[in-house]
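Chemist: please find the sequence and the predicted model below.
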Amino acid sequence: MLNSRRLITLGLFTAVLSSLILLTHVSADDSTMTDAQIVRIKASCINVKNSLGQLRVNDALLRVNRGQVYESMTSKLMTPFNSRVDSNNLNSKDLVSITNNYNTAFATFSTDYQAYAEQLSTALDINCQNEPVGFYDAVANARTKRSQVHADVLVLHQYIDDYATTFGTFVSDNQQTIGVGK
Amino acid sequence: MDANKETTAELGFWDQHRFLILIGLAITIALVLVSISMALYSSSGAIQLDLSRPGYKTTSQTTTDESGFIDYPTSGKLDNKAISDFKTLYDAQAAKAKAVDAFGGDPLNPDTLDISAPQTN
């Protein structure tokens, strides 16, 4: 009985403390936006929306074009080469491992792009004349998500380099079998 | 004639309206299936890749043709030539893939969009 009372008290205390921390955080965010900034957002609302609309279209095109290139790297080069190595009874473990990592990174890229595109659409759906703060936050959120997509792209580039390095190691390890340099 | 009238009177509600019910059911099923496919289209991310949407049609004409990507043969002997061919192919495509710093830059920066806090002197 005493234990359950203590638990309830502890739970209540934690809830109150969390709420206070959350409130402080929210009010800190609000305080960063001045009236002048709100006026500025309202004033440039239409221009910003046009820019965001154009960005959405350009990024969609970029996603399609780059997506094709990144997907072709694995479907037309990495995976077929791994299969060929395997069919020649050579060790393709390292190459397969990098290809798997690359595929996972590509899936992450797709997911993160989807999240970014949805967030950008959310920002565009907000009426920036009536909700300048909400609009600003939505754009800031989209910005974070876009930078995540860029980070994913860099990871993919890194795996492309890693595959090339591993390919070089594979060739030097199997010089005798392949007959490279003869 | 009288016999026909009697038969009609004996038919129940469902029997009398079965053609309308058939059409209604067909429409309902079609609506449900369309709703499911739209939900999948949206949730799978296919919507993001669909450049035939309104507003994206002009963009879809500028998509690049990736026919330059040649499929590397999955079978065959792995000899000096096969390795050399793959290296040439891979290096060229890797350079193409890394040529663009996609999603780099910071177009959503509040300063770029002119929505940042005005500078106070």
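Modeler: Yep, it's here.
Chemist: when you work out contacts or count neighbours from here on, use the C-alpha atoms and nothing else.
Modeler: Fine.
Chemist: pull the longest helix from chain A.
Modeler: helix A:132-173 (DSSP state H).
Chemist: next helix or strand past it?
Modeler: Going down the chain from helix A:132-173, the next helix or strand is helix A:175-178, by DSSP states H and E.
Chemist: do that following helix and chain B meet?
Modeler: Yes. Helix A:175-178 reaches chain B (C-alpha under 8 Å from any C-alpha of the partner chain) through A:Ile178.
Chemist: buried ones in that helix?
Modeler: The neighbour-count check on helix A:175-178 (16 or more other C-alpha atoms under 10 Å in any protein chain shown) flags A:Ile178 as buried.
Chemist: one more: stretch B:114-121?
Modeler: Quick answer for stretch B:114-121 (16+ other C-alpha under 10 Å): B:114-117.
Chemist: from the chain's centre, how far out does that stretch sit?
Modeler: Distance of stretch B:114-121 from the chain centroid (C-alpha atoms, centre = their mean, to the nearest Å) equals 40 Å.
Chemist: the bottom helix or strand of chain A by mean pLDDT?
Modeler: Least confident helix or strand, chain A: helix A:2-32 with a mean of 51, by mean pLDDT, DSSP states H and E.
Chemist: pick out the most distant pair among the buried residues of stretch B:114-121.
Modeler: B:Asp114 and B:Ala117 (8.7 Å; C-alpha to C-alpha).
Chemist: tell me the pLDDT of the spatially most central residue of chain B.
Modeler: The residue lying closest to the centre of chain B (C-alpha atoms, centre = their mean) is B:Ala46, at 3.0 Å. As predicted, B:Ala46 sits at a pLDDT of 87.
Chemist: pull up the gap between it and chain A, please.
Modeler: Distance from B:Ala46 to chain A, counting by C-alpha to the nearest C-alpha, to the nearest Å: 9 Å.
Chemist: show the contacting residues for that residue.
Modeler: By C-alpha atoms under 8 Å, 6 or more residues apart in numbering or on different chains, no residues touch B:Ala46.
Chemist: gap between stretch A:163-177 and the chain center?
Modeler: Worked out by C-alpha atoms, centre = their mean, stretch A:163-177 lies 32 Å from the chain centre.
Chemist: B:Pro54: what secondary structure?
Modeler: coil (DSSP: H, G, I helix; E, B strand; the rest coil).
Chemist: where's it relative to chain A, distance?
Modeler: 11 Å.
Chemist: look up how far A:Gln114 lies from that residue.
Modeler: Relative to A:Gln114, B:Pro54 is positioned 18 Å away (criterion: C-alpha to C-alpha, to the nearest Å).
Chemist: more neighbours, those two?
Modeler: A:Gln114 (24 against 8; other C-alpha atoms under 10 Å in any protein chain shown).
Chemist: show me where chain B has helices.
Modeler: Under DSSP H, chain B gives helices at B:2-10, B:13-16, B:18-43, B:46-49, B:57-60, B:80-98, B:110-113.
Chemist: does any part of the longest one sit near chain A?
Modeler: By that I understand helix B:18-43. No. Using C-alpha under 8 Å from any C-alpha, helix B:18-43 never reaches chain A; the gap is at least 9.1 Å.
Chemist: in that helix, which residues are buried?
Modeler: Across helix B:18-43, burial judged by 16+ other C-alpha under 10 Å covers no residue at all.
Chemist: tell me the average confidence for it?
Modeler: 96.
Chemist: now A:Gln129, nearest residue through space, not along the chain?
Modeler: A:Lys42 (5.0 Å; C-alpha to C-alpha, 6 or more residues apart in numbering or on different chains).
Chemist: which residues sit against the helix or strand hosting that neighbour?
Modeler: Using DSSP H and E, the element containing A:Lys42 is helix A:35-43. With C-alpha under 8 Å, 6+ apart as the test, helix A:35-43 has contacts from A:128-129, A:132-133, A:136, B:114-118.
Chemist: below-threshold pLDDT in the chain: ranges please.
Modeler: In the absence of a named chain, chain A is used. Chain A contains residues with pLDDT under 70 at A:1-32, A:180-182.
Chemist: that was the other one, I meant chain B.
Modeler: Ranges of chain B meeting pLDDT under 70: B:1-9, B:59-67, B:120-121.
Chemist: swap in 90 and give it another go.
Modeler: Counting by pLDDT under 90, chain B contains low-confidence residues at B:1-16, B:42-71, B:78, B:105, B:112, B:114-121.
Chemist: related to what we said a few turns ago, report the inter-axis angle for the following helix or strand past the helix holding A:Lys42 versus helix B:80-98.
Modeler: Remark: after helix A:35-43, the chain's next helix or strand is helix A:45-72, criterion DSSP H and E. Orientation of helix A:45-72 against helix B:80-98 (axes from the mean of the first three to the mean of the last three C-alpha atoms, to 10 degrees) gives an angle of 170 degrees.
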